[in-house]
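> could you work out the structure for the sequence below:
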Amino acid sequence: MELELRHLKTVRAIAEAGSLTRAATVLGLAQPALSAQLRRIERALGGELFERGRHGVRATPLGELVLERARIVLPAVTELQQEAVRFARARAGREAERLRLGATHGPLLGALVDLLAAAAPDVQVSTQASWSERELATLLAEGRLDFAVTGACGTAAPPDSEHLAWEEFAVDPVFVMLADDHPLARTCEVELAKLADEEWACVPGDGCFADCFTAACARAGFAPGRMYETDIASCVHLVQVGRAVGLCRATFPTTPGLTTRPLAGTPLLWRHLLGWHPATQHTGTADTVLAQVRRAHSAVAARSDSYADWLAGGGRTSSTLP
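Below you'll find the model as predicted:
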């Protein structure tokens with residue numbers, strides 16, 4: 001077997017995670033598959049790269065040598081790829097005849113595509129959805145996306161903010177999704193503490209939202225129960241059948257069988273962000289997309305009855321939040 005870049009990335013992921021179990025989760029692999037892949041890499045390199053123990057793995061001297069080289073090779077290859085993409089785009093003098101958009105928020109992405117199609121009918125728009133903010137940031141850095149619509153909770157920094165441009169275009173409260181027949185579904189707002197005995201559902205992410213949610217529950221006097229991290233359709237189903245209550249952005253659209261309600265005191269906030277690589281986008285294009293995504297957010301928010309009611313009842317709009 002010849003050594004490839006993906007093998008170095010695997011070795012790095014194992015070292016950073018400190019265990020095969022955690023590394024398998026990060027890489028989206030089953031642990032047996034990762035173990036088998038590591039054995040093949042070790043055979044190709046002539047020896048064991050990690051010592052296995054009860055508390056995880058530790059790099060051997062050979063492993064340290066490989067990791068040291070990987071820390072040089074991987075960033076260099078990534079930088080080469082990014083520079084090549086930027087050079088090719090600048091060389092071709094490409095204008096905005098097409099836009100490649102990525103997003104973690106389906107309704108907002110749909111509204112943005114609609115507005116861009118109306119404003120620039122000659123522009124070809126393609127989209128890519130992902131639950132991972134980091135994946136979208138990587139695609140931006142590699143020149144495989146032009147813009148990404150994603151977000152962060154609280155004051156967390158967006159991914160790769162050193163190299164990418166990020167502009168906050170809205171801040172929303174996080175709401176809770178309840179089945180229509182849930183005892184709290186008819187209340188104007190829900191005290192987080194009253195959900196202490198519930199199981200939860202939300203869309204996965206690789207930011208700090210899970211930690212922020214756990215901290216909010218701790219402030220409310222309890223530790224949250226089981227959390228189902230799954231796609232939005234599955235979250236909706238789990239809430240509709242009463243298996244769990246869900247966490248969602250306030251802009252979540254009105255859905256049959258579901259009620260969304262604000263959490264009292266707004267313990268969790270979601271900052272909507274538009275990202276792009278400043279070396280590959282004209283300022284005018286970025287300004288246009290930013291203006292349209294703000295309009296898209298307003299349109300999506302208006303379609304959420306519970307959010308509109310909350311705002312009408314005195315909730316602060318995103319333009320007045322810090």
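
> mind jotting down where the strands sit in the stretch 201-322 of the chain?
Assigned strands in the stretch 201-322 of the chain, in chain order: 227-229, 245-249, 258-262, 269-276 (criterion: DSSP state E, counting those that start in this stretch).

> export those to a markdown table and tack on mean pLDDT?
As requested, those are exported to a markdown table (pLDDT from 0 to 100):
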| stretch | mean pLDDT |
| --- | --- |
| strand 227-229 | 94 |
| strand 245-249 | 94 |
| strand 258-262 | 93 |
| strand 269-276 | 94 |
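
> can you tell me the closest non-neighbouring residue to Q240?
G257 (4.4 Å; C-beta to C-beta, 6 or more residues apart in numbering). The C-beta positions use only the backbone N, C-alpha and C, and glycine is treated the same way.

> apologies, that question was intended for A33.
Taking C-beta to C-beta, 6+ apart as the measure, A33 lies nearest to A24, with 7.6 Å between them; neighbours along the chain are not counted.

> helix/strand/coil for W166?
Remark: W166 carries the secondary structure label strand [criterion: DSSP: H, G, I helix; E, B strand; the rest coil].

> V293 and F252, how far apart?
Using C-beta to C-beta, to the nearest Å, one gets 17 Å for the distance from V293 to F252.

> ugh, wrong one, H105
10 Å.

> and if you look at T266?
On the measure of C-beta to C-beta, T266 and F252 end up 16 Å apart.

> for R98, same thing?
Look at R98 and F252: by C-beta to C-beta, they are 30 Å apart.

> more crowded one of these two?
The neighbour count for R98 versus F252, taken as other C-beta atoms under 10 Å, is higher for F252 (25 against 12).

> does the more buried one really touch T260, like I thought?
Yes - under the criterion of C-beta atoms under 8 Å, F252 is in contact with T260, at a separation of 5.5 Å.

> shared neighbours of the two, anything?
F175, M177, S304 (C-beta atoms under 8 Å, 6 or more residues apart in numbering).

> could you dump those residues to CSV with neighbour count, pLDDT and distance to K9?
Written out in CSV, the entries for the shared contacts of F252 and T260 read as follows (neighbours: other C-beta atoms under 10 Å; pLDDT from 0 to 100; distance: C-beta to C-beta, whole Å):
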residue, neighbour count, pLDDT, distance to K9
F175, 27, 96, 37
M177, 26, 96, 36
S304, 23, 87, 40
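
> pick out whichever of the residues you listed sits closest to S130.
Taking C-beta to C-beta as the measure, S130 lies nearest M177 of the shared contacts of F252 and T260, at 21.4 Å.

> what sits opposite the closest residue to that closest one other than its chain neighbours in the beta ladder?
Of all residues not flanking M177 in the chain, G246 sits nearest, at 3.4 Å (C-beta to C-beta, 6+ apart). On the basis of DSSP bridges, G246 takes part in beta bridges with M177, A201.

> residues making contact with the helix or strand encompassing the residue nearest to A33?
Taking DSSP states H and E as the definition, one finds A24 inside helix 20-27. Outside of helix 20-27, the residues that reach it under the criterion C-beta under 8 Å, 6+ apart are 10, 13-14, 16-17, 30-31, 33-35, 38, 52, 56-57.

> can you put those in JSON lines and add distance to D160, neighbour count and secondary structure?
Formatted as JSON lines, the entries for these read as follows, by distance: C-beta to C-beta, whole Å; neighbours: other C-beta atoms under 10 Å; DSSP: H, G, I helix; E, B strand; the rest coil:
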{"residue": "T10", "distance to D160": "21", "neighbour count": "19", "secondary structure": "helix"}
{"residue": "A13", "distance to D160": "17", "neighbour count": "17", "secondary structure": "helix"}
{"residue": "I14", "distance to D160": "22", "neighbour count": "27", "secondary structure": "helix"}
{"residue": "E16", "distance to D160": "17", "neighbour count": "11", "secondary structure": "helix"}
{"residue": "A17", "distance to D160": "20", "neighbour count": "17", "secondary structure": "helix"}
{"residue": "A30", "distance to D160": "29", "neighbour count": "10", "secondary structure": "coil"}
{"residue": "Q31", "distance to D160": "29", "neighbour count": "14", "secondary structure": "helix"}
{"residue": "A33", "distance to D160": "28", "neighbour count": "11", "secondary structure": "helix"}
{"residue": "L34", "distance to D160": "25", "neighbour count": "21", "secondary structure": "helix"}
{"residue": "S35", "distance to D160": "30", "neighbour count": "13", "secondary structure": "helix"}
{"residue": "L38", "distance to D160": "28", "neighbour count": "20", "secondary structure": "helix"}
{"residue": "R52", "distance to D160": "33", "neighbour count": "12", "secondary structure": "strand"}
{"residue": "G56", "distance to D160": "27", "neighbour count": "16", "secondary structure": "strand"}
{"residue": "V57", "distance to D160": "27", "neighbour count": "21", "secondary structure": "strand"}
